[in-house]
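got a sequence here, can you build the structure:
(one chain, ligands or ions: 1)
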Amino acid sequence: MLSFAFLFRALITLALAAHVFYMYCLARTIDDGVGPSAGRIAVASLFSLVMLIPFAWAITIPDLPDIYARQFRGRRWWAAGRCASCGYRFDDHATRERCAECGEALVEPEPYAYSGRTARRFAVILLFAWIIGMGVGEAWIAADEATFAREVLVTPGLDRPRRWPNADRVLREP
Ligand SMILES: [Zn+2]
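Numbers count the residues shown, from 1 in each chain. Here you go, the predicted model:
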């Protein structure tokens, strides 16, 4: 189900993947070699992984939808005699056990707290961002190198800058 929270986390994943893509491309072309050698891929993978470390501050950002739903909306609803999950209003709020509307237990929501779930969620996001960013980065560079290989057939001895974001590196006929 495409909930707002899911889309929010997908957006964070894509933003981090874009960062990984950029870092991967920078490291992948650093030796001016052409082709996906194991060494180049290893260096670029490791570099793009290490460059995710500065984003450790963002660990609770993927929890923002939960923080809102529980800490703000949920507690406000609860205080107003409503179900903290769906907002349904009950006259017998104090004695009822489950919400007749959504089936959730009718208990006062706990305040938001950092938990292992927060860390696991962020680790999964980083993992997806890393894999997506590396995959797109490698495909991007491979496509540029394939284009160059065709260009060299037409113009032997050609050299030209790589495609963005590696325009400072030059592709040469090997
Ligand atoms: Zn409910």
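
which SS class is Leu171?
Secondary structure assignment for Leu171 (DSSP: H, G, I helix; E, B strand; the rest coil): strand.

ditto for Arg160
Relying on three-state DSSP, one would call Arg160 strand.

which stretches in the chain count as helices?
4-28, 38-50, 64-66, 75-79, 116-154 (DSSP state H).

report all helices and strands that the shortest one contacts.
Based on contacts counted as 3 or more Cβ pairs under 8 Å, 6 or more residues apart in numbering; DSSP states H and E, the elements that helix 64-66 packs against are helix 4-28. Backbone N, C-alpha and C define where each C-beta goes, glycine included.

how about the residues of the protein near the ion?
83, 85-86, 88, 99, 101-102 (Cβ under 5 Å from the ion).

want to throw the residues you listed into CSV with neighbour count, pLDDT and distance to Gly157?
Converted to CSV, the residues of the chain next to the ion look like this (neighbours: other Cβ atoms under 10 Å; pLDDT from 0 to 100; distance: Cβ to Cβ, whole Å):
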residue, neighbour count, pLDDT, distance to Gly157
Cys83, 23, 93, 73
Ser85, 21, 91, 68
Cys86, 13, 93, 69
Tyr88, 16, 92, 74
Cys99, 19, 91, 74
Glu101, 14, 90, 73
Cys102, 12, 92, 70
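
rewinding a little: most packed of the helices of the chain?
Across those, averaging neighbours per residue (mean count of other Cβ atoms under 10 Å) puts helix 4-28 on top, at a mean of 18.

now that helix: average pLDDT?
Averaged across helix 4-28, pLDDT comes to 97.

remind me what that helix packs against, helices and strands.
Using 3+ Cβ pairs under 8 Å, 6+ apart, helix 4-28 sits against helix 38-50, helix 64-66, helix 116-154.

low-confidence ranges, this protein, go.
Regions of the chain meeting the criterion pLDDT under 70 cover residues 1.

if we go to 90?
1-3, 31-35, 70-71, 90-97, 100, 106-114, 173-174 (pLDDT under 90).
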